[in-house]
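Undergrad: Pasting the sequence and the predicted coordinates here, then a few questions.
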Amino acid sequence: MSDQPPASRESRAQVRQMLLIGAIASIVGIALALWIDWFPVPGSEQAGPIDTLWDVLLIASVPIFVLVETIVLYCAIKFRMRPGEELKDGPPIHGNTRLEIIWTAIPAILLVGLCTYAFLVLRDVEAKASDPVKVRVVGQQFAWTFYYRVGGKEVASPQLYVPINRQVEFTLQSKDVLHDFWVPSFRIKKDAVPGLNVTYRVTPNRLGEYAIVCAELCGLGHSTMRGTAHVLTQAAYDAQIKKLAAGPSQAPPAQGGANGKALFTSSGCNGCHTLKDAGASGTTGPDLDNVLKGKDPAFIKTSIVNPNAEIAQGFSAGIMPGNFGTTLSGAEIDALVKYLSDVTKGG
Amino acid sequence: MAARLRAPGIPRAGLFLVLGTLFCAGIVLAVRALYGFPIAKGGSGLDFTTATQNGILMLSLLIAPIWFLIGLGAFDYWFYWAAGKKTRPEDHSGHGARSWKDYFRVNTDHKVIGIQYVCTSFFFMLVGGLLAMMVRAELAAPGKQFVDADAYNGLFSVHASLMIFLFIIPVFAGLANFVLPLMIGAPDMAFPRLNALSFWMLPIAGIMMTCSFFAPGGSFATGWTAYAPLSTDAPIGQMFFTIGVQFAGASSIATALNFLVTIITMRAPGMSFWRMPLLVWANFSTSLLVVIATPFIAASQFFVLLDYALGFKFFVPERGGDVLMYQHVFWFYSHPAVYIMMLPGFGIISEVISVKSRKPIFGYRMMAFSLLAIVLLGFTVWAHHMFVSGMQDWIRIPMMVTTAIIAVPTGIKIFSWLATLWKGVLHLDTPMLWALGFLTMFTLGGISGVVLAMVPMDIYVSDTYFIVAHIHYVLYGGSLFTIYAGVYYWFPKMTGRMFDERLGKLHFWLTFVSFNATFGPMHLIGVEGMPRRVADYAEQFAGWNLFISLSSFVLGLSTLVFVYNMVASWRGGPRAVANPWRALTLEWQVSSPPPIFNFDNVPTVVGGPYEYGVPDAVHGIFKPAEEARPKLPAGAQSAEGHEGV
């Protein structure tokens, strides 16, 4: 370092002025960033540390962003070429070793600090409790099925039920392509990979219903691959599992149209199919008003349980989930068949 | 007509394309017949089965473009040479362009190739942009607007593939093709014929990807990432990506080799590595990345091709395949590819900021070293794209640390540019506005990159609109802003005309504002939980999506201002002087546009490239080397060697 050039006092004043502007802008920026309500409702114990990590990252990021913006704007205003300066050059400053060391070291320290904190958060959210509730999650184009082990056998459910305040271990599997099991309110997601058992754990801590989203592009119906996670009290959860285990025969006898119509929507058929009577306008699969016209109930039943048996003109096999035979009870399927047969009969 | 079909050129290329397709059809029919597979429906005739049709299509995609290139004349010289016929070593008939027709043939002049590259890539940028407009139109409201789910998946997949493989990567190669030999004082690239071949592989890849919309079953619809097994189980349109990428990749590798050899062997006398402009350093680093990494994406796509076409079962777990392997191989290229799409832009910004601030670049050597550091670190971070992929948990921590640390050399560059601005005399014209816009926007993209490096945060926001926001801040606010800076900066040199400064500024401000209005809110809806790559979304995101779509249409229109400015100025702009920016680097010391062999006298480099403000500083002089040698012996204290103020 050579001696301070004579203009250094003016230079210092400029730096001070800029730092002051930067500090004020940073405070405003941080306040604004923290004021925004970023996340969906937190629904698990894992949400807390992750949301806090986000806040910390905001607090660390805003000043750096503001610093760069302030310098750019300050230079653009203060050092812009004035009339008459067309041929003027700036001072030939080639570098400054001290400055370069500072702006290598400070970001490095900051980043290592953030990594350490992120590592602690990761350890925190992935801490394993003993005796978790185990759910096997199977993804297929384009539906989720949840399997619970009750007694010696496994029962399937199209919806996810978990008890509150107990750790749940999901084992993700896929029957076809990559999917990603994500409940935004729980904050954690992972891919369901063909050939692998991928696991993760969350501890739901808020009662209610939450959206399940497939976050990995899985084909035509990717945007319709949704589901619902129900967080229940332990008692309600036990009752629900018992009901699932007792089997589908317990379902109330089909009341013709009404029940079938409700099932059409609750099972997600409307996501992909068009059916005027149900107000459905999906286009991923065939228009049921057309393709089911005049078909007998047996055909409709086969098309639900084994969708690839016959494929409508212009559509491909393997698109419709093949798990409705497992996730719907016999009575439910019959109700659905009756409903579809009724509303498409007349044309 | 017969004579035109015999001479190299587009007509002969068309003929060869047809012959090549027939050749492929012949092979497929013969092989199917030998194996006893059915060829035609009903046993005979020309009503081929779907498998036969697909076989012919796939083989033609792979082989027929090579016939096209032969027809075009890209191999003529080498064939003559191999056949022992008389070649013409000093034949420069392939140099220079006298009419627009010369841009549609195999031309070995790096300046012509540079312009071919830039125009072709901007053409595909407009196609890709149009697809983006359609994506945003579909997303303007929840539910279905005008395309179905399959077409939607195709739109964003082709959009991303064109923008990455046909725009950002090649447009940088094009700018450097024009500028780099001039900057180092070379008469051309090291391998002019290879250079021409590299260029002509590019339209092949672009046309292939664009035409995938006409394939039975629609275009490829698996994203630009083409994850297996979705891609190995897709309609035939997928192959237009899988094979198209091979041509884009081969083009990239050949160009990178060409740059490396040119930079290493063809620098003017006196131009040591430490006197190279930073654009040359940036392309040197980029070329290293391309040469090492690009074969990996070629491999990943060949895996898909073999699985798809020949049932190799690389990605079928029941047969010992491994689904995650695809992602590892793919990202081992595609993460370095992010730097392939960024480092040349860093080079452009260094040129523009130094010239337009009238100051030497701050910390020249650290700028060069940080490029090399990014090259090295760039290979150690790929699995941060896979934090939720189901891979082994332990890999995440080292990848998080390397990903965060790569922000350090990037930060050094940002701070050095800021220090270059400090106390300069800032010419806030169009190239400089883009450079400053880049500084501000890329910083935001870099910061969201650090956020994404943090594993727990990434687990939450991966595959959401936060990622879409991040990649567009890096590739649009980052790469594309530097491309605009570079195109405006070298426009006078490339065309010999000046662009319209007022339209340039209008373009900048329109783009800058609508870019932020488009991609800024995506951070918000991403963290709120909107997944990416969906044709339909929950009602809660409707407001922001409408706002984003409207902003994106303004963004699309702002591009037309640029296109108009470029076309109109090229046709009728005022003549440009040799050195309108008073820059020191060598390309500005020759006429605009440069003479056909760049330098009438070989330049000799006697100082650093950025000695603005140093009284009487020169970078290169056009005298014989003996006279031009500087007073001080090489290695002694020279102007660019100063560290400290």
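TA: Arrived safely. Residues are numbered from 1 along each chain as shown, chains lettered A, B, ... in the order given.

Undergrad: and the host helix or strand of A:C115, does that touch chain B?
TA: With elements taken from DSSP states H and E, the one containing A:C115 is helix A:97-125. Yes. For helix A:97-125 and chain B, the contact criterion (Cβ under 8 Å from any Cβ of the partner chain) is met by A:97, A:99-100, A:103-104, A:107-108, A:111-112, A:114-115, A:118-119, A:121-122, A:125. No exception for glycine: its C-beta is placed from N, CA and C like everyone else's.

Undergrad: In PyMOL, select just the buried ones from those.
TA: Here is the PyMOL command that picks out the buried ones among these, judged by 16 or more other Cβ atoms under 10 Å in any protein chain shown:
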select buried, chain A and resi 99+100+103+104+107+111+114+115+118+119+121+122+125
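
Undergrad: Outline the domain layout of chain B.
TA: The record's domain parsing of chain B by automatic domain parsing lists B:2-78, B:100-572.

Undergrad: hey, which helix is longest across chain A?
TA: With residue count as the measure and DSSP state H as the assignment, chain A has helix A:47-78 as its longest helix.

Undergrad: Enumerate the positions of stretch B:395-414 that are buried.
TA: Per 16+ other Cβ under 10 Å, stretch B:395-414 contains these buried residues: B:396, B:399-414.

Undergrad: thinking again about what came up before, distance between the helix holding A:C115 and the chain's centre?
TA: 28 Å (Cα atoms, centre = their mean, to the nearest Å).

Undergrad: repeat for stretch A:269-289
TA: Taking Cα atoms, centre = their mean, the mean C-alpha location of stretch A:269-289 is offset from the chain mean by 25 Å.

Undergrad: A:Y148 belongs to a strand?
TA: Yes. Membership of A:Y148 in a strand is supported by DSSP: H, G, I helix; E, B strand; the rest coil.

Undergrad: so what pLDDT did residue 33 get?
TA: Here I'm looking at chain A. You'll see A:A33 listed with a pLDDT of 93.

Undergrad: To clarify, I was referring to chain B.
TA: The predicted local distance difference test score for B:A33 is 92.

Undergrad: Output stretch A:128-147 in PDB with nothing but the alpha carbons.
TA: In PDB, the C-alpha atoms belonging to stretch A:128-147 read as follows (Å, rounded to 0.1, in the frame of the first residue of the first chain):
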ATOM      1  CA  LYS A 128     -35.600 -39.200  14.800                       C
ATOM      2  CA  ALA A 129     -38.100 -39.800  17.500                       C
ATOM      3  CA  SER A 130     -38.700 -43.300  18.700                       C
ATOM      4  CA  ASP A 131     -41.800 -45.300  17.600                       C
ATOM      5  CA  PRO A 132     -42.900 -43.200  14.700                       C
ATOM      6  CA  VAL A 133     -46.200 -43.900  12.800                       C
ATOM      7  CA  LYS A 134     -45.200 -45.600   9.600                       C
ATOM      8  CA  VAL A 135     -46.900 -44.900   6.400                       C
ATOM      9  CA  ARG A 136     -46.000 -46.300   3.000                       C
ATOM     10  CA  VAL A 137     -46.700 -43.800   0.300                       C
ATOM     11  CA  VAL A 138     -47.000 -45.100  -3.200                       C
ATOM     12  CA  GLY A 139     -47.000 -42.700  -6.200                       C
ATOM     13  CA  GLN A 140     -48.200 -43.600  -9.600                       C
ATOM     14  CA  GLN A 141     -49.400 -41.600 -12.500                       C
ATOM     15  CA  PHE A 142     -51.400 -39.600 -11.200                       C
ATOM     16  CA  ALA A 143     -52.500 -40.500  -7.700                       C
ATOM     17  CA  TRP A 144     -51.100 -41.200  -4.300                       C
ATOM     18  CA  THR A 145     -52.000 -44.300  -2.200                       C
ATOM     19  CA  PHE A 146     -51.200 -44.600   1.500                       C
ATOM     20  CA  TYR A 147     -50.700 -47.900   3.200                       C
END
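
Undergrad: pLDDT on that stretch, on average?
TA: So the average pLDDT for stretch A:128-147 ends up being 92.

Undergrad: buried stuff in it?
TA: Of the residues in stretch A:128-147, those buried by neighbour count under the rule 16+ other Cβ under 10 Å are A:132-133, A:135-147.

Undergrad: Return the backbone torsion pair for A:Y339.
TA: In this entry, A:Y339 is assigned phi and psi values of phi -60, psi -50 (degrees, to the nearest 10).

Undergrad: How about A:R226?
TA: When read as degrees, to the nearest 10, the backbone of A:R226 gives phi -120, psi 170.

Undergrad: Not counting residues beside it along the chain, what's closest to the closest residue to chain A within the stretch 201-350 of chain B?
TA: When you check the stretch 201-350 of chain B against chain A by Cβ to the nearest Cβ, the closest residue turns out to be B:P317, at 2.3 Å. Ranked by Cβ to Cβ, 6 or more residues apart in numbering or on different chains and with sequence neighbours excluded, the top spatial neighbour of B:P317 is A:G195, at 2.3 Å.

Undergrad: Pull the contacting residues for the one you found.
TA: The contact partners of A:G195, by Cβ atoms under 8 Å, 6 or more residues apart in numbering or on different chains, come to B:P317, B:E318, B:G321, B:D322, B:V323.

Undergrad: my guess is the first one meets A:N197, correct?
TA: Which is B:P317. No. Under the criterion of Cβ atoms under 8 Å, B:P317 makes no contact with A:N197, lying 11.2 Å away.

Undergrad: okay, those two: which has more neighbours?
TA: Relative neighbour count places B:P317 above the other of B:P317 and A:N197, with 16 against 11, counting by other Cβ atoms under 10 Å in any protein chain shown.

Undergrad: wait, what's in contact with that one?
TA: With contacts defined as Cβ under 8 Å, 6+ apart, the neighbours of B:P317 are A:P194, A:G195, A:L196, B:V323.

Undergrad: Make TSV out of those residues and add pLDDT and secondary structure.
TA: Converted to TSV, the contacts of B:P317 look like this (pLDDT from 0 to 100; DSSP: H, G, I helix; E, B strand; the rest coil):
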residue	pLDDT	secondary structure
A:P194	95	coil
A:G195	93	coil
A:L196	94	coil
B:V323	94	helix
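
Undergrad: Check the residues you listed against A:D55 and report the nearest one.
TA: Ranking those by separation from A:D55, with Cβ to Cβ as the measure, puts A:L196 on top at 33.8 Å.

Undergrad: How about the closest one: what's its closest non-neighbour residue?
TA: For A:L196, the nearest residue in space outside its immediate sequence neighbours is B:G390; the separation is 5.5 Å by Cβ to Cβ, 6+ apart.

Undergrad: Report the secondary structure state of that neighbour.
TA: Secondary structure for B:G390, judged by three-state DSSP, is coil.

Undergrad: so how far is A:T145 from the residue in chain A positioned nearest to chain B?
TA: Using Cβ to the nearest Cβ, the point where chain A gets nearest to chain B is A:G195, with a distance of 2.3 Å. Counting by Cβ to Cβ, to the nearest Å, the gap between A:G195 and A:T145 amounts to 18 Å.

Undergrad: Equivalent analysis for B:E587, please.
TA: Looking at B:E587 against A:T145, where the rule is Cβ to Cβ, the gap reads 63 Å.

Undergrad: you'd agree B:D76 is up against B:A7?
TA: No. With contact defined as Cβ under 8 Å, B:D76 does not reach B:A7; the gap is 9.9 Å.
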